[in-house]
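Asks: Quick one, structure for this:
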Amino acid sequence: MQSAFRAAVYGLAGMELLRGPLEPVARLVGVPPGTPHVVIHWGHPFFMSFVLLVMGSTVAVQGWQIRTSSDGAAVSKARSQHPKLALAMTLFFAIGAFGGMGSIIEQGKPLLSRCATCTCAQRLPLIRGSHCSL
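Replies: Residues are numbered from 1 along each chain as shown. Got it, this is the predicted structure:
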C-alpha cells in the first residue's frame, strides 16, 4: 500500500513536467483579449461539471438498468448504448484534463495548484478500469 501511495505522489509531481509541452499549445490556442476573468476561471469547471452530471448520470442509469431491470428490451438497449456513452464520457474527461491544464497555465499558476489536476490523475484510471469489467 505504501509503494502505491509513493507512486501516486511521484506521478503527481511528474505532472509539472507536462507544463513545458503544454505552454506553447496554451499560448497558441490562447484566450481572446478582453475575455472576462470569471469566464477564464469558471468556464472550464462549469462545462466539465455539465459533462459529469449529464453524461455521468446517464451512464450510471444505464449501468443500473443492465444490472437490475427485468425488461429485456431496456436491458438490450442499455447494453448497446452504455459502453459507447461511457467511452465518450471518458474521452471528454481526458480531453478536458488537457483543457483544464491549459486553463491553469493561462492563469499563470502551477499545475498542482488546483485539486482538479490531482483528482483527474486519480480518477481517469479508475474510470478506465471500470470499463474493463463490462
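Asks: Please, which helix or strand holds the residue most central in space within the chain?
Replies: By C-alpha atoms, centre = their mean, the mean C-alpha position of the chain lies nearest to F93, the distance being 2.7 Å. When secondary structure is defined using DSSP states H and E, the element that contains F93 is helix 72-106.
Asks: ok, now E23?
Replies: helix 19-29.
Asks: Can you name the secondary structure element that comes next after that helix?
Replies: Later in the chain than helix 19-29, the nearest helix or strand by DSSP H and E is helix 37-51.
Asks: got the buried residues for that following helix?
Replies: Going by neighbour count (16 or more other C-beta atoms under 10 Å), the buried part of helix 37-51 is H44, M48. For glycine as for every other residue, the C-beta is placed from the backbone atoms N, C-alpha and C.
Asks: Next, the angle helix 72-106 makes with that helix.
Replies: Orientation check (axes from the mean of the first three to the mean of the last three C-alpha atoms, to 10 degrees): helix 37-51 against helix 72-106 gives 160 degrees.
Asks: how close does the residue nearest to G96 when sequence neighbours are not counted get to I66?
Replies: Spatially, and ignoring its direct neighbours in sequence, G96 is nearest to M48 (4.9 Å; C-beta to C-beta, 6 or more residues apart in numbering). Separation of M48 from I66 (C-beta to C-beta, to the nearest Å) stands at 26 Å.
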